[in-house]
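> give me a model of this one.
(5 chains, ligands or ions: 4)
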Amino acid sequence: ADIKIGIVAPMTGQLASEGQDMENAVKMAIDAVNAKGGVNGDKITTTTADDACDPQQAVTAGSKLVSEGVTAIVGGYCSGAVLPTLKIYGDAGIPFVIIGANSTKLVAANQGNAFLANSTGDMQATTAVELFKKNGFKKIAVVDEGDAYSSDLAKLTAEAFKSAGGEIAAKETTTAGEQDYSAVVTKIKSNGADAVFWTAYHAGGALLTKQLRQAGFQGGIVLGDGNNSPEYLEIAGSAGEGVYLLSPPTVDLLSGAADFKAKYKETYGRDAGAYAALSHDVGDLIADAITRAKSVDQKAIIEALKASDFKGLAGEIKFTDKNTLQTSNFRPVIAKGGKWVAVE
Amino acid sequence: MTLDLLIQQLVNGLIVGSFYALIALGYSMVFGVIKLLNFAHGDIYMNGAFVGLIVFSFVGIWVGNGWLGVVCALLVSMLVVGLLGVVIERFAYRPMRNAPRLSILITALGASMVLNGTALALTGGRHYAFNTDLGFAGVDISTVHITYTQMVLVAASIALMAGMQAFVSRTMYGKAMRAVSIDMGASRLMGIDVDRVIALTFFMGSALAAGGGVMAGAYYGSVHFFMGFIMGLKAFTAAVIGGIGSVPGAMLGGLLLGLLEAFGSSLPFVGSEWRDVFVFGTLILFLVFKPTGLLGRSVVERV
Amino acid sequence: MDVEIVLSADRIVARYDGIEALHGVSLSVKRGQIVALLGANGAGKSTTLRTLSGLVAASSGSVRFLGEDITRVPAHRLPHRGLVHVPEGRRIFGDMTIKENLDLGSFTLADDVERRRRLDHVFELFPILARRQNGDARNLSGGEQQMLAIGRALMAAPKVLLLDEPSMGLAPQLIKEVMNIVQRLNREGVTILLVEQNSKVALKFADYGYVLKAGRVVLEGPGSDLASNEAVISAYLGGVAA
Amino acid sequence: MALLKVRDLRLSFGGLKVLHDISFSVEKGAINSLIGPNGAGKTSLFNCLTGFYKPKGGSISLGGRPITGLPPHRITALGLARTFQNIRLFKEMTVLENAMSGQHCRSRHGIVSAILHLPAQRREEEAIRAAGMRWLDFVGIQQHAHRRAGGLSYGDQRRLELARALASAPELILLDEPAAGLNEREKLDLVHLIRRIRDETGVTVLLIEHDMGLVMQVSEKIVVFDYGQKIADGPPEAVRADPRVIEAYLGTEE
Amino acid sequence: MTDEVRTMPATAQPRLMRWSVVLPGLAALACALVLPQFANAYVTEVATTALLYVVLCLGLNIVVGYAGLLDLGYAAFFAVGAYTSGILTAEFGFNFWLTIPVAMAAACVAGIIIGAPTLRLRSDYLAIVTLGFGEIVRIIARNLDITGGASGLIGIERPEIFGFKLMQVQHFYYAFLVLALLTAFVCLSVERSRMGRAWFYVRYDEDAAAGIGINRVTAKLQAYMMGAVIASVAGCLYAAKMTAISPESFTFNQSLLILLGVVLGGMGRIPGVVLGAVLVALLPEVLRGAGTYRPLVTAVALLAIMLFRPNGLWPDKRV
Ligand SMILES: Nc1ncnc2c1ncn2[C@@H]1O[C@H](COP(=O)(O)OP(=O)(O)OP(=O)(O)O)[C@@H](O)[C@H]1O
Ligand SMILES: Nc1ncnc2c1ncn2[C@@H]1O[C@H](COP(=O)(O)OP(=O)(O)OP(=O)(O)O)[C@@H](O)[C@H]1O
Ligand SMILES: [Mg+2]
Ligand SMILES: [Mg+2]
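Residues are numbered from 1 along each chain as shown, chains lettered A, B, ... in the order given. Ligands and ions are numbered 1, 2, ... in the order given. From the prediction side, this is the model:
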């Protein structure tokens, strides 16, 4: 019989673009697995449920997948939408590999069946603080968009930076979907920050970068992992030059991902987004775990996931006893000549 | 707050405010004439930006990415999206003319979702760059830098609004708009073609929103299918602050809202995450004391 | 040509939400006449005027004005041609000034000089309107609003004026005044179709009259005949509408 | 004994003085009229009496209690009801529901007792309904009880407004041009009805009317306004003969 | 005279007792009662959501459909209920059932704070005030620590009743069914009472209502508070069911969705509102197959309904 994997992601709403990327990439991985004969002799099929990054829709989407009897679930972009579903998947004992969402609250609410394939916020905060120190930034302005993901990251980073002896010049919040950041920019400038850390997504990040530079802000700009999108560089244009990004492992940075990148573009007619590589890996990971479990027994799959020692496009996936990544997969990159290049 | 900071926030507020005002104006006009909270207005703004971007990238081949390109985009988009507004009115709102007001409100919501859903389906939710080379040149007032683009932007929206005000208060058609808003039946008896007046109102309101969309797209440099949502809300708020239905009111309301937001971001003691609480809180308090907005007419019913 | 029929209705039927309010009303108005339309409450007088002026669509029958069939002509085209309706309940634009209300009366007119001339004429007829021209119309008292409604119609320089209960709510003296103005307009060449509750007042001026009952014409004749036939009329007028 | 006492009442809108130091009184159990040219301030006076307008000065008392400046619903509860110059019915509701509305200020059960279906609440509901029917019957439109109020003929709408006002069990009822738009026959009926209101229910009546025939027929006293000032106050014969009234209002007979 | 009144024909009876409404209603109820026996967890989940919307729409219907106040921030009261209950159980270890009265009181207070000064406003202005209020509540929830900030509260206790713990979606389905029936009963009782009529009077003509002795502000405030209380109770149960709540559940869009349910089915009347609420919950689920086109298809369906049935699917003749 076929093995059914559920994909849960925002296919509509503000973050539809990311969700579509996730679905595409997981499907690509599964297709490849199937082309090689599937797992344990069975083919894998997928079914997608749209959570629109909305808690309520996420719950119905989740129970739809559960009712359809999926063997495992992958996906999840917005922490706020993933949180209430943890209980559903947990009660049903379904293995769930979370691709994008990485709020630390997920760790607390996990019932043991969920795995975070993305590094959590505190890992990113650590990476960020290291980067600040290396560049000699002493006064940082942290800006988020008020949603679970970015405000969590902002808070963690601020705390980490303060305990590392840094100073937080300002902690600002903007509204998603708004275009004008000038008031916040003015405030940041007047507070004398020597760098700005933007923790939310690329749309706002690009606008903020542009407006900071336009207002003559000379300091450093550092972006959280939600900004890794080709759209960021397009929109920010020359203002984006020299900006740091704590990147999740994206196709552009990964030596082994060139094929994937090309194939993705060929299949879907668009560039692979930030989470495409990781989504692809998670697709592979779940197939790998089922293979190792040698059955579709969900307990066995969970055990197999716990014991993962997986190397994919994006790097190594090994879980801690809290089902989070052992090693952070964030890597600082810098925009040079309209491209992200690794920071030495 | 230092003086420079104050001036800078004032400038910031005025610029966002003039966008709000422009969009609020269309909102207010449509509301004025058919008492409809046109939820689709924000999406019309978004459509305007997209049409503008398409035109801009197209004409850019010949005229470059400078002012000329932006002006072309602006004019074409205003025309096209103005007509879109007329089409929406014709097919979504006109059949509802005698329906209860709330049903029309829901229809407007539906129209908004249709525009937004179409844009999502067509763009896949991507953000598009709207890259112009208008540059940052401008004048400096102590540490405050004001670009020529910003000046042109504010001037253009003020000019558009002044034109609109003159139209509504001076011309016969403007009076007809107000008459239609008060009593459609009686307006017919004056020889006013009500359908045409309403269509014209939608055309003008939508064209203004489209103009705002293109200007915002070019100024901020990005266009996105969701950009109209927040703007629609802001415009609605601005229109109400100013006194819904009033043209100069929409203008004042927009500017005031822009300023409230700018200063709300720099409140002492609390961070900018409280900005909207400050803005809406002020708005509510304001309405308690001035229940008809800044320039709205008091509607004491004669009994 | 002094017996030319300027406005006529031929067996018009009108409905509200499917319920028939007029069951085939025919009438005709000759140039220069004052014609009265009488009837009890709910008889269909206002509906007849609305059908003539296109506010209500006739579901059958036809309306002719100045020799042309106007049954399907939309209401807003008629003032242009000289058929102007002063509706029941005045329907003034309360949020606009008195001057603006009057301006709108001449919406179809492009000529500002002519507009000014007509405005002066109206101000001469109703000095109170001149005095308060920049005030909001909503604040006028009931009677003042009635004057404004008539004045606004005059701004269109009507050939035929449809007046729906112009005396409603007016003080006795004003009723007289308004009726004098109606007569004066008539002398100036305006043909008038007058709906009145008060048959005594109406028939005093009318050249011809129709009595409506429950959506049908039940009696017609020259004004003086009807006036002398008060008993008959009051039988029709007094009866509560079926 | 005077039921309604108005002392030096003043009202103005912006620069426009609508009422100048108006004083008059209405005796308990009387039928009085208020007449005057259009725009004289009659309706405005009603609006002051019923709390819709806030007077700039002066005092109003009803049955000895001051009511100046109280909100409309309080004044109604104290026993002053009115009808409107432009009919203001709840057009989309039934005739009976309109008549029942008058009882609101004479009943008291609230949301909680309605949810609990307390016996006392149900009794009260029945009483409200019965009273509504009684008043419809009183004005003679009981047969229309379950029709939509907006679909009534003009005359019946006026009656319904009257029934609604009477249902609030007032001591004084103010009628603003009750005969406007009525034909001769209906006016006659109205005269009877007004008399019955006073004679059968003891409610005092003050009415505004332009139909002199009707005014002269029903009123025991007439107050005349012109330009916001009281220019006469007295029995019909005296008022009719008053040259100032003739000049300002009645006009010379032909 | 009173005797004549007693013999009046029984047409005076309230319209809802008609068999044409009662029979389908009973049939629907029977289906609702056995549904979880036949349906899988997903269908039950969706049905539970539908019942949640039934409660919310009935509550908002009091404000919009009865009293005629356009409320664009109704989700705020839903949030007040959910957060009050969530905080009390998760942070202070309260028994779930005890949080309900507290949440009701909190909603009342919130209703008075925003309602009392602003209910005098004209409808359009009130709309923006309620919208602003909705946003304020959401932003406060997002920025405070006690509400769990932007990612919200987690670990909300599931309620117990007589030693039985509500765990599965079926349990919550029945809990919401009981709440929906209770709400419908309450609405029905109030609609036909003196206060219910007062709301209609105020809605159709405020001045006339004042002229017959109704305090318009009090009447509106009562409608507003009653709507608030209903939403807050729904919020308590919602929090218990979700175990995790976050500000995203209480956005402007949520308020619009509830309003949509009220108008779509036919404002002012209970069967219509119930139908609309069910539709609002089902439509997006039925259209899941449309993928990225889902919002578009939903919107077109919505427009079509409004254009063909401008008064809603099951309208109240009075509106
Ligand atoms: N807008 C409407 N909707 C439904 N029915 C209406 C409407 N207007 C009038 N009617 C009905 O049509 C019939 C004729 O009404 P119309 O207003 O023409 O009478 P009328 O003779 O002008 O009476 P009145 O003297 O009271 O003004 C009446 O039965 C009335 O109830
Ligand atoms: N709310 C208001 N604002 C401004 N002016 C007003 C207002 N209400 C009344 N007025 C003015 O006060 C004057 C008196 O009006 P009112 O309606 O009391 O007259 P009335 O005696 O009832 O006349 P009618 O017999 O024509 O109804 C009028 O000139 C009117 O324009
Ligand atoms: Mg009539
Ligand atoms: Mg009056």
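
> would you mind identifying the next helix or strand past the longest helix that chain C contains?
Using DSSP state H, we find that the single longest helix of chain C is helix C:172-187. Once helix C:172-187 ends, the next helix or strand along the chain (criterion: DSSP states H and E) is strand C:191-196.

> next SSE downstream of that following strand?
helix C:199-205.

> check whether that next one contacts ligand 1.
No: with CB under 6 Å from any ligand atom as the measure, helix C:199-205 is seen stopping short of ligand 1, the closest distance being 11.7 Å. Bear in mind the C-beta positions are built from the backbone N, C-alpha and C, glycine included.

> and that helix, what does it pack against?
strand C:34-39, helix C:172-187, strand C:191-196, helix C:223-228, helix C:230-238 (3 or more CB pairs under 8 Å, 6 or more residues apart in numbering or on different chains; DSSP states H and E).

> what's next to it, contact-wise?
Outside helix C:199-205, the residues that touch it by CB atoms under 8 Å, 6 or more residues apart in numbering or on different chains are C:34, C:36, C:38, C:167, C:175, C:179, C:182-183, C:186, C:194, C:196, C:209, C:223-224, C:226-227, C:230, C:233-234, C:237, D:183-184.

> filter the residues you listed to the buried ones?
Among the contacts of helix C:199-205, those classed as buried by neighbour count (16 or more other CB atoms under 10 Å in any protein chain shown) are C:34, C:36, C:38, C:167, C:175, C:179, C:182, C:186, C:194, C:196, C:209, C:223, C:226-227, C:233-234, C:237, D:183-184.

> measure the residue of the stretch 51-200 of chain B found nearest ligand 1 to C:Leu219 for me?
Residue nearest to ligand 1 within the stretch 51-200 of chain B: B:Gly185 (10.1 Å; CB to the nearest ligand atom). Look at B:Gly185 and C:Leu219: by CB to CB, to the nearest Å, they are 30 Å apart.

> so for those two, which sits in the more crowded spot?
C:Leu219 (18 against 13; other CB atoms under 10 Å in any protein chain shown).

> you'd agree that one is in a helix?
No: applying DSSP: H, G, I helix; E, B strand; the rest coil, one finds C:Leu219 to be strand, outside a helix.

> hang on, it packs against C:Leu226?
Yes: between C:Leu219 and C:Leu226 a contact is recorded at 7.2 Å, counting by CB atoms under 8 Å.

> next, the contact list for B:Phe226, please.
A:14, A:177, B:46, B:116, B:125.

> let's go with 6 Å and repeat that
A:14, A:177 (CB atoms under 6 Å, 6 or more residues apart in numbering or on different chains).

> next: E:Ala223.
Per CB under 6 Å, 6+ apart, neighbours of E:Ala223: E:62-63, E:66-67, E:199.

> ok, how many other residues are close to the residue lying closest to it once chain neighbours are set aside?
Nearest-residue entry for E:Ala223: E:Ala67, 3.7 Å, with adjacent residues in sequence omitted and distances by CB to CB, 6 or more residues apart in numbering or on different chains. Neighbour count of E:Ala67, defined by other CB under 10 Å: 26.

> is E:Ala67 in contact with E:Trp199, as I believe?
Yes: E:Ala67 lies in contact with E:Trp199 (CB atoms under 6 Å); the separation is 4.3 Å.

> hmm, the host helix or strand of C:Thr51 touching chain D?
In this assignment (DSSP H and E), C:Thr51 forms part of helix C:45-52. No: applying CB under 6 Å from any CB of the partner chain, one finds helix C:45-52 separated from chain D by no less than 9.9 Å.

> run through who's touching the very next helix or strand once past that helix.
As assigned by DSSP H and E, the chain's next helix or strand after helix C:45-52 is strand C:58-65. Applying CB under 6 Å, 6+ apart, the contact partners of strand C:58-65 are C:7-15, C:51-52, C:69-71, C:83.

> out of these, which sit inside strands?
C:7-15, C:69, C:83 (DSSP state E).

> wait, which of those is closest to D:Asp21?
Comparing those against D:Asp21 with CB to CB picks out C:Leu83 as the nearest, at 48.5 Å.

> ok, that closest one to C:Val63 distance?
9 Å.

> may I have the longest helix of chain C as PDB, with CA atoms only?
Written as PDB, here are the backbone C-alpha positions of helix C:172-187 (Å, rounded to 0.1, in the frame of the first residue of the first chain):
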ATOM      1  CA  PRO C 172     -53.600  79.300   6.000                       C
ATOM      2  CA  GLN C 173     -52.000  82.500   4.800                       C
ATOM      3  CA  LEU C 174     -49.200  80.600   3.100                       C
ATOM      4  CA  ILE C 175     -51.600  78.200   1.400                       C
ATOM      5  CA  LYS C 176     -53.200  81.200  -0.100                       C
ATOM      6  CA  GLU C 177     -49.800  82.500  -1.100                       C
ATOM      7  CA  VAL C 178     -48.700  79.300  -2.600                       C
ATOM      8  CA  MET C 179     -51.900  79.000  -4.500                       C
ATOM      9  CA  ASN C 180     -51.400  82.500  -5.800                       C
ATOM     10  CA  ILE C 181     -48.000  81.600  -6.900                       C
ATOM     11  CA  VAL C 182     -49.300  78.500  -8.700                       C
ATOM     12  CA  GLN C 183     -51.800  80.700 -10.500                       C
ATOM     13  CA  ARG C 184     -49.200  83.200 -11.300                       C
ATOM     14  CA  LEU C 185     -46.900  80.500 -12.800                       C
ATOM     15  CA  ASN C 186     -49.800  79.300 -14.700                       C
ATOM     16  CA  ARG C 187     -50.400  82.700 -16.100                       C
END
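
> what about it and ligand 4, touching?
No: figure legend: helix C:172-187 not in contact with ligand 4 (CB under 5 Å from the ion); closest approach 12.5 Å.
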